[in-house]
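Asker: Pasting a predicted model and its sequence here:
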Amino acid sequence: MTTHANRPELSSSTLESTPLPSTAQVIANVIGREATIALAGKCPYGTIYVPKATLPFSHWIVLTIGPVLAQRLQRAFGGEQLWLASCHRLYVQDRNRAIKEAARHGDPIPLIATRYGLTVRHVQGILRDL
């Protein structure tokens, strides 16, 4: 699945253990938790318009969740403006867990920082909890 340039995919263990906000859960019931979180990461204003017309492969929704899930979303919500609560907390929890795991496996801090679009100082702060 394609994700934000600085956001590697979320692990299923975090996705399954942390409840989604209710507005996100409605969408997740149609396209799944991971795809919903990916969409939420691309919606800075908390709303998403799902067009009725067939989405081209270049549309940001298709690029974010893939054509099959985009089509499911369109069948369920085509023509609607959806409010999508931020799932940022889920992403940060998972990102921090992945950063700690990468550090435990010996990845250099500058590499980890680059991978997640963070500063070295930010990664060092996350690793203080190890």
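Answerer: On my side now, so go ahead.

Asker: tell me the pLDDT at G46?
Answerer: At G46, the predicted lDDT confidence score is 83.

Asker: dump the residue contacts of it.
Answerer: With contacts defined as Cβ atoms under 8 Å, 6 or more residues apart in numbering, the neighbours of G46 are 83-86. (Each C-beta comes from the backbone N, C-alpha and C, glycine too.)

Asker: Adding distance to L39, neighbour count and pLDDT, write these out as a markdown table.
Answerer: Listed next are these as a markdown table, based on distance: Cβ to Cβ, whole Å; neighbours: other Cβ atoms under 10 Å; pLDDT from 0 to 100:
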| residue | distance to L39 | neighbour count | pLDDT |
| --- | --- | --- | --- |
| W83 | 12 | 14 | 90 |
| L84 | 6 | 21 | 87 |
| A85 | 11 | 17 | 80 |
| S86 | 11 | 16 | 76 |
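
Asker: Go through those residues and name the one nearest T47.
Answerer: Nearest to T47 among these: W83, at 5.6 Å, using Cβ to Cβ.

Asker: Does the closest one touch S22 like I think?
Answerer: No - using Cβ atoms under 8 Å, W83 is not in contact with S22, being 10.3 Å away.

Asker: Over to the residue of the chain most remote from its centre. Which of the three states is it?
Answerer: In the chain, G106 marks the outermost C-alpha relative to the chain mean, sitting 25.5 Å out by Cα atoms, centre = their mean. Following DSSP: H, G, I helix; E, B strand; the rest coil, the label given to G106 is coil.

Asker: Where does pLDDT dip in the protein?
Answerer: 1-17, 44, 130 (pLDDT under 70).

Asker: separation between the residue most central in space within the chain and Q124?
Answerer: Closest residue to the average C-alpha location of the chain: A38 at 2.9 Å, with Cα atoms, centre = their mean. Per Cβ to Cβ, to the nearest Å, A38 is found 28 Å from Q124.

Asker: ok so, going back, now the contacts of G46 in TSV, please, with extra columns for distance to F57 and secondary structure.
Answerer: Formatted as TSV, the contacts of G46 follow (distance: Cβ to Cβ, whole Å; DSSP: H, G, I helix; E, B strand; the rest coil):
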residue	distance to F57	secondary structure
W83	26	strand
L84	22	coil
A85	28	coil
S86	27	coil
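
Asker: Thanks a lot, see you next time.
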